[in-house]
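[1] heads up, no residue letters with this:
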């Protein structure tokens, strides 16, 4: 790893540790000066960015969010017991069949402001179908969905315009939400920064990497601060660091009083959410 | 002060792990002592520590110590252009830091003398 | 209004960035024109108009298909169905107008003894109809391939069928042949009137069809309610 790459990684790790931005900038600048003076390799002088960032965070007494290297587990910030607010999403008795195969049979879910609900289940258990029904993109055979407020939806893939730049996507979605161009760009950039992504530039969406396109997708869903966020495995293609950022962002949104439904198959996050909806059919569970 | 550093200098033959343990106990003191002479920046401190025989101290060890000293108010820091080269973060010992250094240096002196007395018996036997 | 303009502007940017497609669109009618220029001057005008309609409806078909993925989520982000299809229509009409101007100038300076005003009318109606025609196909057919094949058949039939034949009137670009006869062969104004009515009715019908299809696809579903 060259110095620039190492310094960038350090900046990202410090951000991840919740270090004050000013302080983080100073730490990175000081490391850069040291590397220039000594002419040695950053790994030799400071070790891996994640390790050094942990040491720095500990020295300045920053709250620790991430656990040890190599595990994808994220510690949710401790939360006050009564942060859940009014009901934002009410799903009652959703039933859906494909051909004659029942996919969803009488599914209920209630999510309040300031809550995260995880939707889990095996492949083909109907997780995406359920979310599409909640978003009104698909009709169920029976059942109702009631949304108190506005809705944002992030699909598993697609949902972007191949020939437009990221900032043009912000403007497009922003206009729908009643934001003017400047506001839309600023809001998009702010959401992107939380995912450690700098969207300025004239790269068309079709040339973005898979992970970056998913970041764009996620930012589009969050733009205009909708009350309910429906996220269908939005982290596909994310590297480990971005994956951690993504969960940090979810908890921030929860703290802001958003109601969030997220499809996930990574079970080690489940004790960090408020509700778990398991769509695995009963016969498979007993198998 | 110089005696402490000279004391540190006699440790050079020991194995790495033990040396690491010793360092953890005294590195902040050594840094405070160096800053008591004059203000300095990270790379220069690392060089001074190396030159005094404490051994090469990597940035990954040194800067967290500096940050902790800064957080506890024992040193203050300021970004400044040097006489030559780029802007650097200069550290300066605070009155509280000088006070701590004075008190701890006395303690260390007693401690090190005790250790020395015991160990000298081994050496001279 | 801001919403329609935003959709129109960004749809226009999308089309303009498909450089390859644009180039083919621009060159394609020219090939039609050049192929018949030497043996029959009038025929080359008829061909360039049909080439233009084929090129534009294909562009609209592709633009419509490309928008399918993003439109449902734009609908969720506060757009109504009419914002989306009106914006896209505006963008494609603009592209069509820009594309047809050089061809009108070509006919204007390359051909003699032709009613130029009628040629301009053909081109205007071509732009007006081809765009909703392509968008309607993209709304009805599942994939671009099917749409392209349908377009190929329609334009092929349009070329071979005699405009005097009643069945030919069912084809979308019949007005082009009818007004073409008026412009090139200097026939009576009945040709002009019939062609004009056909073109206008077709534009309205196709635009309504696009609006209806988009309204159905992006409708607020009954099971979902916002409070």
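    That came in fine, so what should we check first? Treat the numbers as computed from the prediction; the structure is a model and nothing was measured.
[2] and the stretch 151-287 of chain A, which residues reach chain C?
    A:151-153, A:155, A:158-164, A:168, A:171-173, A:175-178, A:204, A:220-221, A:223-224 (C-beta under 8 Å from any C-beta of the partner chain). For the C-beta atoms, the positions are set from N, CA and C on the backbone; glycine is no exception.
[3] which residues of chain A score low on pLDDT?
    A:1, A:62-84, A:266-271, A:282-287 (pLDDT under 70).
[4] confidence score at the spatially most central residue of chain C?
    Centroid-nearest residue in chain C, with C-alpha atoms, centre = their mean: residue C:130, separated by 1.3 Å. On the pLDDT scale, residue C:130 is placed at 93.
[5] quick one: it from chain A, how far?
    Using C-beta to the nearest C-beta, to the nearest Å, residue C:130 is found at 21 Å from chain A.
[6] any idea how far the host helix or strand of that residue is from the chain center?
    Element membership of residue C:130 [criterion: DSSP states H and E] is helix C:116-140. The chain centroid and the centroid of helix C:116-140 are separated by 3 Å under C-alpha atoms, centre = their mean, to the nearest Å.
[7] check which residues of that helix are buried.
    Neighbour counts over helix C:116-140 (16 or more other C-beta atoms under 10 Å in any protein chain shown) mark C:118-139 as buried.
[8] correct me if wrong, but residue A:156 is in a strand.
    No. Counting by DSSP: H, G, I helix; E, B strand; the rest coil, residue A:156 is not part of a strand but coil.
[9] phi, psi for it please.
    Dihedral angles of residue A:156 (phi, psi; degrees, to the nearest 10) stand at phi -70, psi -40.
[10] leaving out sequence neighbours, find the closest residue to it.
    residue A:232 (4.6 Å; C-beta to C-beta, 6 or more residues apart in numbering or on different chains).
[11] so which residues on chain C come close to chain A?
    C:2-3, C:6-7, C:10, C:13-14, C:17-18, C:66-67, C:69-70, C:72-74, C:76-79, C:83, C:220-227.
[12] next up, the contacts around the nearest residue to residue C:78 once chain neighbours are set aside.
    Counting by C-beta to C-beta, 6+ apart, residue C:78 lies nearest to residue A:176, which is 3.6 Å off, once chain neighbours are set aside. Contacts for residue A:176 were tallied using C-beta atoms under 8 Å, 6 or more residues apart in numbering or on different chains; they are A:224, C:3, C:74, C:77-79, C:83.
[13] element containing residue A:131, please.
    Going by DSSP H and E, residue A:131 is part of helix A:127-134.
[14] in what helix or strand does the spatially closest residue to residue A:177 that is not a sequence neighbour lie?
    Ranked by C-beta to C-beta, 6+ apart and with sequence neighbours excluded, the top spatial neighbour of residue A:177 is residue A:224, at 2.9 Å. Using DSSP H and E, residue A:224 is not contained in any helix or strand.
[15] hang on, isn't residue A:224 packed against residue A:183?
    No. Look at residue A:224 against residue A:183 with C-beta atoms under 8 Å: they stay out of range, at 9.4 Å.
[16] need the residues touching each of those two.
    Joint contacts of residue A:224 and residue A:183 (C-beta under 8 Å, 6+ apart) are residue A:174.
[17] neighbour count: the two, which is higher?
    Between residue A:224 and residue A:183, counting by other C-beta atoms under 10 Å in any protein chain shown, residue A:224 is the more crowded of the two (20 against 16).
[18] give me every residue in the stretch 1-150 of chain A lying close to chain C.
    Checking the stretch 1-150 of chain A against chain C by C-beta under 8 Å from any C-beta, the hits are A:94, A:133-140, A:143-150.
[19] could you identify the buried members of the residues you listed?
    Counted by 16+ other C-beta under 10 Å, the residues of the stretch 1-150 of chain A next to chain C give A:94, A:133-138, A:140, A:143, A:145-150 as buried.
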